[in-house]
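Engineer: The following comprises the amino acid sequence and a computationally predicted model.
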Amino acid sequence: MAQEINASEMAKPLKSRKFDFKQQFQWAYILIRHPQARIGLIIIFLLILMAVFAPIIAPGGKPVYVDTPNLPPGGSHILGVDPLGRDEFALVVWGARISLEIGFGTGVLALLVATILGMIAGYFGGYIDNILTLLFNLFLVIPGLPMLILLAAYMKQTTSTVIFTLAFTGWAFWARIIRAQTLSLREKDFVAASIVAGENHFVIIFRQILPNMINIIVGGIIGSTIYGIAASTALAFLGLTNMEDISWGTNLFWAQNGNSLLLGAWWVFVPSGFLLALAALALTWVNYGMDEITNPRLRSERELRRVIRHIQFKTSRATPVLRREHSK
Amino acid sequence: MKYILRRFGFYLVAFWAALTLDFIFPRLLPGDPATAILGPMGDRMTAAQVEALRQALGLVTHASLLQQYFTYISHVFQGDFGLSYANFPATVTSVIATGFVWTLLLGSVSLTISVVIGHLVGIFAAWRRNGGFDIVVPPLFNFIGAFPAFFLGLGVLFILGLNLGWFPISHAYDGTLQPAFTWQFISNVIVHLVLPALTSVLVTITVWVQVMRNTMVSVLAEDYITMAEAKGLSQNRIMFNYAARNAILPSVTGFGVFLGAILSGQVLIETVFSYPGLGFLLVRAVGARDYPLMQGLFLGITTGVLLVNFLIDILYTRIDPRIRG
């Protein structure tokens, strides 16, 4: 009976087979159920809302000179005033725009390059693989920030060139991981079946292999986004981006270069730094959830811990084995 | 031996790649260094004046791109990067040499402290897994490490340097002192080193804690650990001679991978504390549009990283005999 159903299912053309949302996006369900990942997603969502609705939250357009520089928090300026006389709260809210834009832009662009090159290397093998692997390793061994600083010094600074330079220095790590995953997926039976069925390389790569790597790619986008936010802030802090833009990094640049610290004006650098760390932390939490998708052993370990919590056992040294605690 | 030769070949290719990038990047610049240095002032200059500046900077050349490339490479191998624009009579090589000393000092001191403490914390945390120490200390370091290097630097500078006033907040030694092998000078250097080194330790320590803790956890699950316990060996001996010794390998491999990140952190920390190492010089060179110095620094830093990576590869064959085969 069961076989019959399978056979009729198989006979249907690929497109008309029912699209099982829950099965296709199982990773999304795991992610939402993971406690830390859920908090992380909520924080990211709120930060994006703050960036999008910046004109409503902090009205009056891009922050300009409004009051005496370095005023402490209080009164009409809840987070104080920066060394250029701009309202710190408005700066932090508006700064989220460029910081997040560059972060997510870098994440997507870096993973686009990494996925294409990684899959080509892993799928075709041979000398193509050798050349591309050499390229990945070269980009990994040449120190990132000095190269970034040099590129930033030579290029005209706009949001898109910053995204480009960050993606240029940050894609190689993920390309190597995706190559390794492609190598192992390529040996699987379903790929062999498609080859026998006479599918072309393009279909095999994008319809058979790619969907099985979605979780790694999403993990990579999140990881590269963290890198993009942190590195763009570092660049701005060094004064290497367009100083007329407002981002968390330029806020910190003015905190350092406007002598706010010498005047004890901690409110100039704490809020931007706090949001920066919050964004990085939230994305890291989401990635913890992604780790559990890629590595089911972690998931089962957590379930196990929950089950045995009320019994006086303790998972000790060996991960999968339960032992009594040392009687010493 | 074959392994070492292969790695050596790779680093040669990497060096060539860095050399070539260093040659290509300046040619991406819209206009040339002369127009960039003049900036808005350039509009008020006559064509002859701009031409004179280009002559003075050695930008006028009739050689083809390929010829320029080979001249550039031969100059690099003679250690000749030309003169620094910002520190005028000084050669790029001599400026890099002074920066190198400070970077090496800050890097080696902070890395030693961070590696030693980080590994000890990792070992103890894994030994009493899910115990009080394991629940509090590694996540705490992880939290601190989540902050960007320069932000931690600003925090440390603000609290320990400005509010409490315990340590000097910038430069490698007081400007009133002359470098000499006297106790006065050396103690001054040490006092100036405290804040940058502390920041660097805070930034990097979490990596060693995580790697060591995770490897220790899986090593402790091995049969030979159970065997050692069954033999009744002392806990210290199992912890250090059996478990930690076998768990140290990924840290050595990881060192090469993290080196880039450690270096990036140090560039930022040097900038926050105006510590005159290579990173600080690089950022200042960019600000001053000192193109020859930038080129020289990038190549110098990259060569240093490649050399350290190569040394780690050699070390690796010493401690892991499987690689040698």
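Structural biologist: Perfect, thanks for sending it.

Engineer: Does residue A:110 touch residue A:226 like I think?
Structural biologist: No. Using C-beta atoms under 8 Å, residue A:110 makes no contact with residue A:226, being 11.3 Å away. From N, CA and C alone the C-beta is placed, and that goes for glycine too.

Engineer: So those two - more neighbours on which side?
Structural biologist: Applying other C-beta atoms under 10 Å in any protein chain shown to residue A:110 and residue A:226 shows that residue A:110 carries more neighbours, namely 28 against 21.

Engineer: does chain A sit close to the helix or strand containing residue B:74?
Structural biologist: Applying DSSP states H and E as the criterion places residue B:74 in helix B:65-77. No. Taking C-beta under 8 Å from any C-beta of the partner chain as the criterion, helix B:65-77 and chain A are apart, separated by no less than 15.5 Å.

Engineer: which residues sit in contact with the residue nearest in space to the middle of chain A?
Structural biologist: With distances taken as C-alpha atoms, centre = their mean, residue A:222 lies nearest the centre of chain A, 1.5 Å away. When contacts are counted by C-beta atoms under 8 Å, 6 or more residues apart in numbering or on different chains, residue A:222 is found next to A:107, A:283, A:286, A:287, A:290.

Engineer: Closest to residue B:172 out of those residues?
Structural biologist: residue A:283 (36.0 Å; C-beta to C-beta).

Engineer: just checking, what packs against the helix or strand hosting the closest one?
Structural biologist: Using DSSP H and E, residue A:283 sits in helix A:270-294. When contacts are defined as 3 or more C-beta pairs under 8 Å, 6 or more residues apart in numbering or on different chains; DSSP states H and E, helix A:270-294 packs onto helix A:26-33, helix A:35-52, helix A:88-124, helix A:214-237, helix A:248-257, helix A:296-308, helix B:149-156.

Engineer: give me that answer again for 7 Å
Structural biologist: Applying 3 or more C-beta pairs under 7 Å, 6 or more residues apart in numbering or on different chains; DSSP states H and E, one finds that helix A:270-294 contacts helix A:26-33, helix A:35-52, helix A:88-124, helix A:214-237, helix A:248-257, helix A:296-308.

Engineer: quick one: that helix to chain centroid distance?
Structural biologist: From the chain centre to the centre of helix A:270-294 is a distance of 9 Å (C-alpha atoms, centre = their mean, to the nearest Å).

Engineer: between it and helix A:88-124, what angle do the directions make?
Structural biologist: Interaxial angle, helix A:270-294 versus helix A:88-124 (axes from the mean of the first three to the mean of the last three C-alpha atoms, to 10 degrees): 30 degrees.

Engineer: quick one, what contacts residue B:171?
Structural biologist: For residue B:171, the contacting residues are B:192, B:274, B:276, by C-beta atoms under 7 Å, 6 or more residues apart in numbering or on different chains.

Engineer: Same check on residue A:52?
Structural biologist: So residue A:52 contacts nothing (C-beta under 7 Å, 6+ apart).

Engineer: can you list the weak-confidence ranges in the chain?
Structural biologist: Picking chain A for this. Along chain A, the parts satisfying pLDDT under 70 run over A:1-24, A:295, A:308-328.

Engineer: look at chain B instead
Structural biologist: Residues of chain B that meet the cut-off, pLDDT under 70, sit at B:29-33, B:35-37, B:39-43, B:58-62, B:323-325.

Engineer: Relative to chain A, how far out is the residue nearest the centre of it?
Structural biologist: By C-alpha atoms, centre = their mean, chain B has its centre lying nearest to residue B:263, at 2.5 Å. Using C-beta to the nearest C-beta, to the nearest Å, one gets 5 Å for the distance from residue B:263 to chain A.

Engineer: quick one, what contacts the closest residue to that residue other than its chain neighbours?
Structural biologist: Of all residues not flanking residue B:263 in the chain, residue A:143 sits nearest, at 5.0 Å (C-beta to C-beta, 6 or more residues apart in numbering or on different chains). Contact partners of residue A:143, counting by C-beta under 7 Å, 6+ apart, are B:260, B:263, B:264, B:301, B:302, B:305.

Engineer: quick one, phi psi at the residue lying closest to the first one once chain neighbours are set aside?
Structural biologist: The spatially closest residue to residue B:260, leaving aside those adjacent along the chain, is residue A:143, at 4.6 Å (C-beta to C-beta, 6+ apart). Per-residue torsions, residue A:143: phi -60, psi 130 (degrees, to the nearest 10).

Engineer: May I have the phi/psi pair for residue B:83?
Structural biologist: Backbone torsions of residue B:83, given as degrees, to the nearest 10, read phi -100, psi 150.

Engineer: Can you pull up the residues of the stretch 51-200 of chain A that come close to chain B?
Structural biologist: A:134, A:137-138, A:141-146, A:149-151, A:153-156 (C-beta under 7 Å from any C-beta of the partner chain).

Engineer: Drop anything exposed from those.
Structural biologist: For these, a neighbour count by 16 or more other C-beta atoms under 10 Å in any protein chain shown gives the buried set as A:138, A:141-146, A:149-151, A:153-155.

Engineer: Identify the farthest-apart pair in these.
Structural biologist: Using C-beta to C-beta, these reach their maximum pairwise distance at A:141 and A:155, which is 22.8 Å.

Engineer: count of neighbours near the residue of the stretch 51-200 of chain B found nearest chain A?
Structural biologist: Residue nearest to chain A within the stretch 51-200 of chain B: residue B:151 (4.3 Å; C-beta to the nearest C-beta). For residue B:151, the count of nearby residues is 27 (other C-beta under 10 Å).

Engineer: Most proximal residue of the stretch 51-200 of chain A with respect to chain B?
Structural biologist: Nearest to chain B, among the residues of the stretch 51-200 of chain A, is residue A:145, at 3.5 Å (C-beta to the nearest C-beta).

Engineer: contacting residues for that residue?
Structural biologist: Residue A:145 makes contact with B:263, B:264, B:267, according to C-beta under 7 Å, 6+ apart.

Engineer: Let's see that with 6 Å instead.
Structural biologist: B:264, B:267 (C-beta atoms under 6 Å, 6 or more residues apart in numbering or on different chains).

Engineer: separation between it and residue A:155?
Structural biologist: Distance, residue A:145 to residue A:155, using C-beta to C-beta, to the nearest Å: 16 Å.

Engineer: Give me the contacts around the helix holding residue A:283.
Structural biologist: Residues contacting helix A:270-294 (C-beta under 6 Å, 6+ apart): A:27, A:30-31, A:34, A:36-37, A:40-41, A:43-44, A:47, A:79, A:92, A:215, A:219, A:222, A:225-226, A:229, A:233, A:248, A:251-252, A:298-299, B:146-147, B:151.

Engineer: Give me the buried entries from those residues.
Structural biologist: Buried among the contacts of helix A:270-294 by 16+ other C-beta under 10 Å: A:27, A:30-31, A:34, A:36-37, A:40-41, A:43-44, A:47, A:79, A:92, A:215, A:219, A:222, A:225-226, A:229, A:233, A:248, A:251-252, A:299, B:146-147, B:151.

Engineer: Is it correct that residue A:89 is in contact with residue A:78?
Structural biologist: Yes. Assessed by C-beta atoms under 6 Å, residue A:89 is found in contact with residue A:78 at 5.3 Å.

Engineer: Between the two, which is the more surrounded one?
Structural biologist: residue A:89 (20 against 12).

Engineer: where does the stretch 101-250 of chain B come near chain A, residue by residue?
Structural biologist: When proximity is defined as C-beta under 6 Å from any C-beta of the partner chain, the stretch 101-250 of chain B approaches chain A at B:146, B:147, B:148, B:150, B:151, B:154, B:158, B:220, B:221.
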